[in-house]
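Enquirer: I'd like to go over a predicted model; first the sequence, then the structure.
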Amino acid sequence: MIQADGLTKLFGNKRAVDGISFSVARGEVLGFLGPNGAGKSTTMRMITGFLPPSAGRVTVGGFDLAEKPIPAKRLIGYLPENAPAYTDMTVLGFLNFSAEIRGLRGAARTAAVNRVVEMCFLESVRHQSIETLSKGYRHRTCFAQSIIHDPDVLVLDEPTDGLDPNQKHEVRGLIRHMGATKAIIFSTHILEEVDAVCTRAIIIDRGKIVANGTPSVLRQKSDMAGAVTLRVSGVAATAVSARLHQIPQARRVAVLEEINGVVAACVQPKPNVADGELPRAVGEAAQGWRIQQLQVEEGRLDEVFRSLTMPDTVSRKAEGGGRKPEAGGQKSE
Amino acid sequence: MNAIANIKAITKRELSAYFASPLAYVFIVIFLLLCGFFTFMVGTRMGTFFQHGQAALDTFFIWHPWFYLFLVPAVGMRLWADERRVGTLELLLTMPITSWQAIAGKFLASWLFLALALVLTFPLVLTVNYLGHPENGVIFCGYVGSWLMAGAYLAVSCITSAMTRSQVVSFIVSVVLCLFLLLAGFSPVIQFLSGWASPVVVQAVAACSVITHFENFQKGVLDSRDVIFFLSLIVFSLFTTAVILRGHRK
């Protein structure tokens, strides 16, 4: 549904977005991750047709946004950053206006407004002026506006920003639910959201894509991915360390802590060790110990995120944790 | 059809925005008070409405260019400046409408609002008809001219509103621009210009004055040149607004 090719945006001499290419199909929820100022919002503004790209092109539903902006925009629902809304209107007035400008009239308009009021839990404030709404309600009002015409493409810029945990949960549920039938892009810097909602995630940094894949694939880039942690009791820490060091597949062994006779240790695999081989080896090594816990780490997204976007401050302990600038990204000329 | 529906939706929204805030009521009350005061208490060089002894509304229309100087920029200043400040511009321009439809819709809303304020001066017309037998055609012509002039000021306010996100800056700049439109035909300005500009330029500037064009309407002369002057000023200003809006997004 959404196809971006070599999107570039220059602000003066600064390359805010530098040759980003990706596509989103129907049924996909694409998470856009990146530190502040990485170019997330600028990219979204180009996808929605608010900013014309300096180079590259966007097509939405087959319509080139530069050549056929109106049919393309008709397919898009957009929640801009900070969820702006006309503060001098009531919630209902604002939604009626949005519906009308989306070409919904009469009974269709009423039905659409009622649907989003219910979906976004706005019943109690429908006649209230937007100016007097709390941030959460204002946010959901703008969100309601973006889905009022049941668009095929949804572009959401930080949809859960400023919401309380319950509201965040609701909005995530909504996105996941709608993701089955739409193409959705949303940006966030909350990493658990990626796990909760996305089918795929893109990490961008300084205007470039540094990673592109499903959350589980991204997680495997983590230093901790595939590591085995175990807790045993009744053995001295030195003995645990000595025996674990003899495992051939282990790249690194660390004793994490020793509390009340329980020793916690972590074993990281060498590269190219097949799945399940390390846990088996650790299990063999641990024979005779009283095992309290043995766990294979999945890897952690925040670690991947940090290592990709702050390569200078995270020590490059392993190949897997290093910067991979070409993972899914395109080289700019 | 679609374009008209879009413009209508935007006009409706803008109009409701005026009446959702005190601005509309304050504006109308002040405009009507000023009209009454200047018509009956100040008047023209020939005296006030009653001193004139004529069944005409000269004393009413002659002040309009000066009322509008301050009142119209106050109506137009929020049109785009507020959209940019609040961030709704992003919402508006990502909707399936062209920027022309947005510009036209917003302009029409404010222009209709000004028309409403003008219509509300109808007691003056009733009064003058009660007191004598005025030429209602001339009065009607004056209203048309006044409305066109208000539209021209308003279009200029659209430009300044699109240039900034501060309503105050927009207001001040558009007052200055409108003042130029007002004074362009005045002799001090002409003299200042003729010191260094070529006569063609001086003439061109003098022809830009809204007063000279509005005077014809006051006399009851509906000259197509005057109508075209105001309409072209409106179209040019709205076009400039479109260019400025596009420039922001570059």
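Expert: Alright, I've got the coordinates.
Enquirer: go ahead and confirm B:Val125 touches B:Leu57.
Expert: Yes. Counting by CB atoms under 8 Å, B:Leu57 is a contact partner of B:Val125 at 7.3 Å. (C-beta placed from N, C-alpha, C; glycine too.)
Enquirer: okay, and the common contacts of the two?
Expert: Common neighbours of B:Val125 and B:Leu57 (criterion: CB atoms under 8 Å, 6 or more residues apart in numbering or on different chains): B:Ile139.
Enquirer: which one's more surrounded, the two?
Expert: B:Leu57 (24 against 17; other CB atoms under 10 Å in any protein chain shown).
Enquirer: measure the more buried one to chain A for me?
Expert: Applying CB to the nearest CB, to the nearest Å, one obtains 35 Å for the distance of B:Leu57 from chain A.
Enquirer: give the contact list for the closest residue to chain B within the stretch 1-150 of chain A.
Expert: Per CB to the nearest CB, A:Pro84 is where the stretch 1-150 of chain A lies closest to chain B, at 3.4 Å. Residues near A:Pro84 by CB under 8 Å, 6+ apart: A:Cys142, B:Val86, B:Gly87, B:Thr88, B:Glu90, B:Leu91.
Enquirer: filter the residues you listed down to the ones in strands?
Expert: Using DSSP state E, no member of those sits in strands.
Enquirer: now render those residues as CSV, adding neighbour count, pLDDT and distance to B:Gln101.
Expert: Formatted as CSV, those follow (neighbours: other CB atoms under 10 Å in any protein chain shown; pLDDT from 0 to 100; distance: CB to CB, whole Å):
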residue, neighbour count, pLDDT, distance to B:Gln101
A:Cys142, 25, 92, 21
B:Val86, 17, 89, 20
B:Gly87, 16, 89, 20
B:Thr88, 18, 92, 16
B:Glu90, 23, 91, 16
B:Leu91, 25, 92, 15
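Enquirer: columns distance to B:Arg249 on top of these, output as JSON lines?
Expert: Formatted as JSON lines, the contacts of A:Pro84 follow (distance: CB to CB, whole Å):
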{"residue": "A:Cys142", "distance to B:Arg249": "20"}
{"residue": "B:Val86", "distance to B:Arg249": "17"}
{"residue": "B:Gly87", "distance to B:Arg249": "14"}
{"residue": "B:Thr88", "distance to B:Arg249": "15"}
{"residue": "B:Glu90", "distance to B:Arg249": "10"}
{"residue": "B:Leu91", "distance to B:Arg249": "14"}
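Enquirer: which of the residues you listed sits closest to A:Glu303?
Expert: A:Glu303 lies nearest to A:Cys142 out of those, by CB to CB, at 33.1 Å.
Enquirer: count of neighbours near the closest residue in space to that closest one that isn't next to it in sequence?
Expert: Of all residues not flanking A:Cys142 in the chain, A:Ala83 sits nearest, at 3.7 Å (CB to CB, 6 or more residues apart in numbering or on different chains). Residues lying near A:Ala83 (other CB under 10 Å) number 25.
Enquirer: can you check B:Ala207 too?
Expert: 13.
Enquirer: so where's chain B shaky on pLDDT?
Expert: Of all residues in chain B, those with pLDDT under 70 make up the ranges B:1, B:43-46, B:52-53, B:55, B:187, B:250.
Enquirer: those residues of it touching chain A, which are they?
Expert: B:2, B:5-6, B:9-10, B:12-13, B:16-17, B:20-21, B:86-88, B:90-91, B:93-98, B:249-250 (CB under 8 Å from any CB of the partner chain).
Enquirer: show me which of these are buried.
Expert: Burial by neighbour count, 16 or more other CB atoms under 10 Å in any protein chain shown: within the residues of chain B next to chain A this picks out B:6, B:9-10, B:12-13, B:16-17, B:20, B:86-88, B:90-91, B:93-98.
Enquirer: these in helices, which ones?
Expert: Applying DSSP state H to those, the entries found in helices are B:6, B:9-10, B:12-13, B:16-17, B:20, B:86, B:88, B:90-91, B:93.
Enquirer: between the residues you listed, which sits nearest A:Leu154?
Expert: After measuring those against A:Leu154 - CB to CB - the closest member comes out as B:Leu91, at 14.4 Å.
Enquirer: for that closest one, which non-adjacent residue is closest in space?
Expert: In this structure, B:Leu91 finds its nearest non-sequential neighbour in A:Pro84, 5.7 Å apart by CB to CB, 6+ apart.
Enquirer: taking the centroid of the chain, which residue is nearest it?
Expert: Looking at chain A here, since you left the chain open. Relative to the mean C-alpha position of chain A, the nearest C-alpha, by CA atoms, centre = their mean, is the one of A:Gly31, at 3.3 Å.
Enquirer: meant chain B actually
Expert: Chain B has B:Ala150 as the residue nearest its centroid, 1.8 Å off, counting by CA atoms, centre = their mean.
Enquirer: buried stuff in the helix or strand that residue falls within?
Expert: Following DSSP states H and E, one finds B:Ala150 within helix B:136-163. By 16+ other CB under 10 Å, the buried positions in helix B:136-163 come out as B:138-139, B:141-163.
Enquirer: look up how far A:Cys142 lies from the residue of chain B found nearest chain A.
Expert: Nearest to chain A, among the residues of chain B, is B:Gly87, at 3.4 Å (CB to the nearest CB). Per CB to CB, to the nearest Å, B:Gly87 is found 10 Å from A:Cys142.
Enquirer: and what of A:Gln292?
Expert: In this view, A:Gln292 and A:Cys142 are 49 Å apart by CB to CB.
Enquirer: kindly report the same for A:Arg57.
Expert: Going from A:Arg57 to A:Cys142 by CB to CB gives 27 Å.
Enquirer: residue 34: neighbour count?
Expert: Here I'm looking at chain A. 25.
Enquirer: meant chain B actually
Expert: B:Leu34 has 17 neighbours, counted by other CB under 10 Å.
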